[in-house]
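Enquirer: just a sequence and a predicted model for now, questions to come.
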Amino acid sequence: MSTLEIKDLHVSIETEQGVKAILKGVSLTINTGETHAIMGPNGSGKSTLAATIAGHPRYTVDSGSITLDGEDVLQMSVDQRARAGLFLAMQYPVEIPGVTMTNFLRTAKTAIDGEAPKLRTWTKDVKAAMAKLRIEPEFAERNVNEGFSGGEKKRHEILQLELLHPKFAILDETDSGLDVDALKIVSEGVNRSIETGGLGTVLITHYTRILRYIKPDFVHVFVDGAIAEQGGPELADRLEEEGYDRYQVAETASA
Ligand code: ADP
Ligand code: MG
Ligand code: MG
């Protein structure tokens, strides 16, 4: 078992108006095999948490720690984080002009494993994974994310997830912009990684919809850069009915 541990994390960013505190003491422990949903209103800091785990240079960690099996993630480069077993699917995937999906996947696999995958099995694995995610074979020769629809980008992310076998995946609004069919395909891919790979999953989402397909073990509600409430899957059901209003009311009242 591996453990990703976030302890009392405080993160800020530099804006034109000065330094702005975004995460205000987030603590979270994720073991492999567990699925954690992070829910919360827009602007509560969910993507900031994902970007900080990913090592985005824009975000400054003022205090607190992130460790993977005791190793200091914050001291690792972005590449080292990937090699350590962290997989980050961002809310806004970037296009990579001039790099085909095939080359990108193989380069990523080689970087993470420290050696190139054997061509025959690799080609077979990629084809099989693409078929399961209903990605047309010709996508293999297209440039990464270039001209991809929202749903195609998300499926491509899950393709990476299934081929790279990380220990932990942070999926930031993987459900956004997906129709029901695409949502099912993407969710099945994540579930395969959980079931066969023992993936530890952090599922960041504003809506409860994806949680019908990927069952969380734990639900954490983010409000104003901190965890306002935690619970099991029943908390997601409650949010589905009640929304986030009661947290925001409490916030205003205490302000
Ligand atoms: P969420 O993902 O929950 O919607 P974010 O982490 O994207 O929340 O944003 C949290 C807060 O930090 C928001 O108030 C947002 O405006 C601010 N923020 C995040 N990134 C930046 C940035 N690069 N520049 C300015 N403000 C930012
Ligand atoms: Mg947002
Ligand atoms: Mg976000």
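Expert: That came in fine, so what should we check first? In this text, all values refer to a predicted model and were calculated from it rather than measured experimentally. Numbers count the residues shown, from 1 in each chain. Ligands and ions are numbered 1, 2, ... in the order given.

Enquirer: surely residue 57 forms part of a strand?
Expert: No. Under DSSP: H, G, I helix; E, B strand; the rest coil, residue 57 sits outside any strand and is assigned coil.

Enquirer: in this structure, which residue sits closest to ligand 3?
Expert: Using C-beta to the ion, the single residue of the chain nearest to ligand 3 is residue 47, 3.1 Å away. In short, each C-beta sits where N, CA and C put it, glycine included.

Enquirer: doesn't residue 176 make contact with that residue?
Expert: No. Proximity of residue 47 to residue 176 does not meet the contact threshold set by C-beta atoms under 8 Å, at 11.2 Å.

Enquirer: more crowded one of those two?
Expert: More neighbours surround residue 47 than the other of residue 47 and residue 176, with 19 against 15 (other C-beta atoms under 10 Å).

Enquirer: does any part of the strand or helix carrying that one sit near ligand 1?
Expert: If you go by DSSP states H and E, residue 47 is part of helix 46-54. Yes. On the criterion C-beta under 6 Å from any ligand atom, helix 46-54 is in touch with ligand 1 at 46, 47, 48.

Enquirer: same question for stretch 26-38.
Expert: No. Using C-beta under 6 Å from any ligand atom, stretch 26-38 never reaches ligand 1; the gap is at least 8.6 Å.

Enquirer: what segments of this protein are helices?
Expert: 46-54, 78-84, 101-113, 119-132, 150-164, 180-197, 233-242, 245-254 (DSSP state H).

Enquirer: neighbouring contacts of the first one?
Expert: Translated: helix 46-54. 6, 9, 11, 13, 22-23, 26, 38-40, 58-59, 61, 66, 73, 78, 81, 86, 88, 90-91, 170, 172-173, 202, 204, 206, 222, 225 (C-beta atoms under 8 Å, 6 or more residues apart in numbering).

Enquirer: mind checking which of those are in strands?
Expert: Of the contacts of helix 46-54, the ones assigned to strands by DSSP state E are 6, 9, 11, 13, 22-23, 26, 38-39, 59, 61, 66, 86, 88, 170, 172, 202, 204, 222.

Enquirer: contacting residues for residue 89?
Expert: Counting by C-beta under 8 Å, 6+ apart, residue 89 has contacts 154, 157, 158, 160, 161, 169, 170, 171, 172, 174.

Enquirer: quick one: which of those residues is nearest to residue 103?
Expert: Nearest to residue 103 among the contacts of residue 89, counting by C-beta to C-beta, is residue 160 at 13.0 Å.

Enquirer: enumerate every residue touching that closest one.
Expert: By C-beta under 8 Å, 6+ apart, the neighbours of residue 160 are 87, 89, 105, 108.

Enquirer: rerun at 7 Å
Expert: Counting by C-beta atoms under 7 Å, 6 or more residues apart in numbering, residue 160 touches 105, 108.

Enquirer: repeat for residue 235
Expert: If a contact means C-beta under 7 Å, 6+ apart, then residue 235 has 219, 229 as its contacts.

Enquirer: and the pLDDT for it?
Expert: On the pLDDT scale, residue 235 is placed at 95.
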